[in-house]
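# sequence and predicted structure are below.
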Amino acid sequence: MADPILISRLRCPECGHEEDMEMPTNACMFFYTCTGCGVRLKPLHGDCCVFCSYGTVRCPPIQEGDCCNG
């Protein structure tokens with residue numbers, strides 16, 4: 001299996017601010033506060049983390065097929 005991609009670009013649905021972030025490899029990130037507008041993002045229904053909902057790359061646990069919700 002290939003190594004997971006660790007950088008994802010989060011895009012805030014409120015203000016459109018984008019930020020490249022390194023994802024944790026052993027956990028899902030449930031909340032993120034946008035540095036553009038301050039809104040607190042949480043995963044959309046059915047997603048395990050903010051990267052799966054708002055990122056360009058799904059979280060490493062999902063990529064590896066070993067996620068708490070996957």
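That came through fine. Numbers count the residues shown, from 1 in each chain.
# near Thr35, how many other residues are there?
11 (other Cβ atoms under 10 Å). Where C-beta positions appear, they are placed from N, C-alpha and C, glycine not excepted.
# can you give me the strands in the protein?
Secondary structure of the chain (DSSP state E): strands located at 7-11, 18-22, 32-33, 40-41.
# give me the neighbour count for the residue nearest to Pro24 when sequence neighbours are not counted.
Distances taken as Cβ to Cβ, 6 or more residues apart in numbering place Pro60 nearest to Pro24, at 7.4 Å, with adjacent residues excluded. Pro60 has 21 neighbours, counted by other Cβ under 10 Å.
# now do the helices in the protein.
With DSSP state H as the criterion, the chain has helices at 50-54, 60-63.
# from the chain's centroid, how far away is the shortest one?
Yep, that's helix 60-63 we're talking about. Centre-to-centre, helix 60-63 and its host chain are 10 Å apart (Cα atoms, centre = their mean, to the nearest Å).
# now do the first one
Mean C-alpha position of helix 50-54 versus that of the full chain (Cα atoms, centre = their mean) differs by 4 Å.
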